[in-house]
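Visitor: when you get a sec, could you give me coordinates for this:
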Amino acid sequence: MTKVTFREERCMGCELCVHACPQRIVTMAKHINAGGFHPATVVQQDKCTGCAMCALMCPDVVIEVEREEKQ
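Guide: Next up is the predicted model:
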C-alpha cells in the first residue's frame, strides 16, 4: 500500500501536484492553512499507485510518498 502525506502548513496552493497526478486523486482542500492558501490533499488514498509525480512536481517539497515494499 502507498501512503501520500502533505505538510499542509507549507503548501502554497500552486496546484502543480493536482495536474501531475495520473490517477486524479490529488485535490485542493476546502480549508485554508496558516499561510492563507488552500493546501493540496489526497482523496481515495487506496487508488494511489505510488508514482510520486505529485512529489516530483512540488516546488515547496511538501509531499512525501511512502511505498510498502513487496516481500
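Visitor: and the closest residue to G13 other than its chain neighbours, what is it in contact with?
Guide: Spatially, and ignoring its direct neighbours in sequence, G13 is nearest to F37 (3.5 Å; Cβ to Cβ, 6 or more residues apart in numbering). The C-beta positions use only the backbone N, C-alpha and C, and glycine is treated the same way. F37 sits next to C11, M12, G13 when contact means Cβ atoms under 8 Å, 6 or more residues apart in numbering.
Visitor: got the end-to-end distance for stretch 55-68?
Guide: Length of stretch 55-68, first residue to last, Cα to Cα, to the nearest Å: 17 Å.
Visitor: mind listing what's buried in it?
Guide: By neighbour count with 16 or more other Cβ atoms under 10 Å, stretch 55-68 contains the buried residues A55, M57, C58, V62, I63, V65.
Visitor: so the fourth one touches R10, yeah?
Guide: Which is V62. Yes. Shown here, V62 and R10 form a contact pair, counting by Cβ atoms under 8 Å, at 4.6 Å.
Visitor: tell me the confidence at the residue nearest to G13?
Guide: With respect to pLDDT, F37 scores 97.
Visitor: swap in T2?
Guide: So, for T2, pLDDT stands at 88.
Visitor: what sits against it?
Guide: Residues near T2 by Cβ under 8 Å, 6+ apart: Q45, C48, T49, G50, V65, E66, R67, E68.
Visitor: grab the nearest non-local neighbour of it.
Guide: G50 (3.7 Å).
Visitor: is C14 in contact with C54, as I believe?
Guide: No. Using Cβ under 8 Å, C14 is not in contact with C54, being 11.5 Å away.
Visitor: out of the two, which sits in the busier spot?
Guide: The residue with more neighbours, out of C14 and C54, is C54; 25 against 15, by other Cβ atoms under 10 Å.
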